[in-house]
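Asker: pasting the structure only:
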């Protein structure tokens, strides 16, 4: 189900109304997340009951004495929900441009090799499920034969004989203990889990790609900041050199200015290399050969949003989250398949009953076929029971039961991992939002301090070291702000990913 857009956001098409700049950034990203989760949150129809509940219900029709299915481990509510009132430290806008974000998602979903493999595994599982389901029905085969042989008759004389035949045979195993049906059910659950695995892989890959895109944009802003700072620092160096030449500066001030320029220059290659590595990862996720890192990004760099606080809105309860996460549903489907296989192993210990029927015509010449005197037919029932196998089938049943227990434990572990992901993403978003607000204030304060230090230095009130220290503090604070804004955008993407398609923003 696609989640609704924030009520504070205008429609994408229709009358234009005034929206503050920060709110416009939030609305743009929220629409993009809305499209993303709408595409990735859809999965196979599972009916009014979740697979988690069905896994426990299947035990009643599985092998006798099978242990209970996966327990519902969801708490009543999340431990640390962000405040929902406006102005609370919760969800914020990301600086990822919607066009860039949409293009990254589309390319990953269309070309990623892991996703193609998941789609191929789904086709394979669906074909096996169709084959297993067909085995519940009678099988019919037809054949024709023609032969010529030389053999002795009753008098010992050798003669040539011709023989022609046409026949049809039907066979059907009566499913006394549900073995055939359980085999088909197991294959069906395998197909369901393969579809859910594909959806989980799509969600994970898209989230990873968007996170990398956020990192790439953050690195672009850090690199731009370093280059801008180099211009300012070179201007300061020229000022110091001029003062030294005029006899009003010292060689120590010039050396400190040169050291600051060199230190900032050293950060540029490191940032370029970090951006290169992220771009290579994105290329692989897109299913492309890694591109040349020296090529410039043709897309304009999106603006960083101003720190602001937005209400996160209504979150699903933990049980609702588990009912929507594709990885949790896939683990529950695998538990169902394991329960069905345990039933198959149990039923294999008991007799099987099969019916066969045949009708055909056999004659010495092809022209005599289908005449009443050439017809042959038969019908038979066969009961088979391998009652003495020295415990082999019982051991196979025990192995199948152990496989079910392992699948149940894996399904419960998937629940815990999903709850950890959701709770952790909420906590990270809340803390990075508060950190971003504090860091923005610090960056603004260091900028003012640097301006005051420059004025005091030009007026001769303070020495050059104080100005250099103020400049270094400004660069450090602004760089830290970009990093925390990048982390904040990644945290917001993490919330959308953790809650699959169920996040509803106000």
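Answerer: All right, it came through fine. Since this is a predicted model, take the numbers as computed values, not measurements. Numbers count the residues shown, from 1 in each chain.

Asker: got the phi and psi for residue 343?
Answerer: Backbone geometry at residue 343, expressed as degrees, to the nearest 10, gives phi -70, psi -40.

Asker: just use 36 as the starting number from now, easier for me
Answerer: That works, and once the first residue is 36, the last one we named lands at residue 378.

Asker: quick one: it from residue 213, how far?
Answerer: 6 Å (Cβ to Cβ, to the nearest Å). Just so you know, the C-beta spots here come from the backbone N, C-alpha and C atoms, and that holds for glycine as well.

Asker: settle it for me: which of the two has more neighbours?
Answerer: residue 378 (28 against 17; other Cβ atoms under 10 Å).

Asker: so where do the strands sit in the stretch 336-485 of the chain?
Answerer: Here the stretch 336-485 of the chain has its strands, by DSSP state E, counting those that start in this stretch, at 387-398, 410-419.

Asker: contacts for the first one, please.
Answerer: Where contact means Cβ atoms under 8 Å, 6 or more residues apart in numbering, the residues beyond strand 387-398 that reach it are 198-209, 211, 214, 404-406, 409-420.

Asker: among those, which ones are buried?
Answerer: 199-202, 208, 214, 404, 409 (16 or more other Cβ atoms under 10 Å).

Asker: in a markdown table: the residues you listed, plus secondary structure and pLDDT.
Answerer: Below are the buried ones among the contacts of strand 387-398 laid out as a markdown table (DSSP: H, G, I helix; E, B strand; the rest coil; pLDDT from 0 to 100):
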| residue | secondary structure | pLDDT |
| --- | --- | --- |
| 199 | strand | 87 |
| 200 | strand | 90 |
| 201 | strand | 91 |
| 202 | strand | 91 |
| 208 | strand | 89 |
| 214 | helix | 91 |
| 404 | coil | 83 |
| 409 | helix | 83 |
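
Asker: before we move on, the earlier item: nearest to residue 166, out of the strands of the stretch 336-485 of the chain?
Answerer: strand 387-398 (18.9 Å; Cβ to Cβ).

Asker: that closest one: partners in the sheet, and parallel or antiparallel?
Answerer: The pairing partners recorded for strand 387-398 under DSSP bridges are strand 193-209 (antiparallel), strand 410-419 (antiparallel).

Asker: excluding chain neighbours, what is closest to residue 180?
Answerer: residue 200 (4.6 Å; Cβ to Cβ, 6 or more residues apart in numbering).

Asker: and residue 224, how close does it get to residue 327?
Answerer: 47 Å.

Asker: between those two, which is the more surrounded one?
Answerer: residue 224 (26 against 7).

Asker: correct me, but the more buried one touches residue 365?
Answerer: No - taking contacts as Cβ atoms under 8 Å, residue 224 lies outside contact range of residue 365: 10.1 Å.

Asker: how about the nearest residue to residue 286 once chain neighbours are set aside, what does it touch?
Answerer: If you skip the residues right next to it in sequence, residue 286 has residue 279 as its closest partner in space, 6.8 Å away by Cβ to Cβ, 6+ apart. Residue 279 sits next to 285-286, 288-289 when contact means Cβ under 8 Å, 6+ apart.

Asker: cool, residue 385 as well?
Answerer: 211-212, 420.

Asker: let's see that with 10 Å instead.
Answerer: When contacts are counted by Cβ atoms under 10 Å, 6 or more residues apart in numbering, residue 385 touches 211-212, 214, 420-422, 428.

Asker: got it, and residue 210?
Answerer: 170-171, 216-219, 382, 387-388 are the contacts of residue 210 under Cβ under 10 Å, 6+ apart.

Asker: quick check: the gap between it and residue 429.
Answerer: Relative to residue 429, and taking Cβ to Cβ, residue 210 is found at 21 Å.

Asker: wait, what's in contact with the closest residue to residue 487 other than its chain neighbours?
Answerer: In this structure, residue 487 finds its nearest non-sequential neighbour in residue 505, 7.7 Å apart by Cβ to Cβ, 6+ apart. By Cβ under 10 Å, 6+ apart, residue 505 lies in contact with 481-489, 491-492, 497.

Asker: try it again with 6 Å
Answerer: 484-485, 488 (Cβ atoms under 6 Å, 6 or more residues apart in numbering).

Asker: in JSON lines: those residues, plus pLDDT.
Answerer: Below are the contacts of residue 505 laid out as JSON lines (pLDDT from 0 to 100):
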{"residue": "484", "pLDDT": "94"}
{"residue": "485", "pLDDT": "91"}
{"residue": "488", "pLDDT": "91"}
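
Asker: let me know the helix or strand that the residue nearest to residue 286 is in.
Answerer: According to DSSP states H and E, residue 279 maps onto helix 214-280.

Asker: following element in sequence after that helix, please.
Answerer: Downstream of helix 214-280, the next assigned helix or strand under DSSP H and E is helix 286-320.

Asker: and that next one, how far from the chain's centre?
Answerer: In terms of Cα atoms, centre = their mean, to the nearest Å, the centre of helix 286-320 is found 34 Å from the chain centre.

Asker: show me what that helix is packed up against.
Answerer: helix 214-280, helix 499-533 (3 or more Cβ pairs under 6 Å, 6 or more residues apart in numbering; DSSP states H and E).

Asker: switch to 10 Å and redo it
Answerer: helix 133-146, helix 148-169, helix 214-280, helix 499-533 (3 or more Cβ pairs under 10 Å, 6 or more residues apart in numbering; DSSP states H and E).
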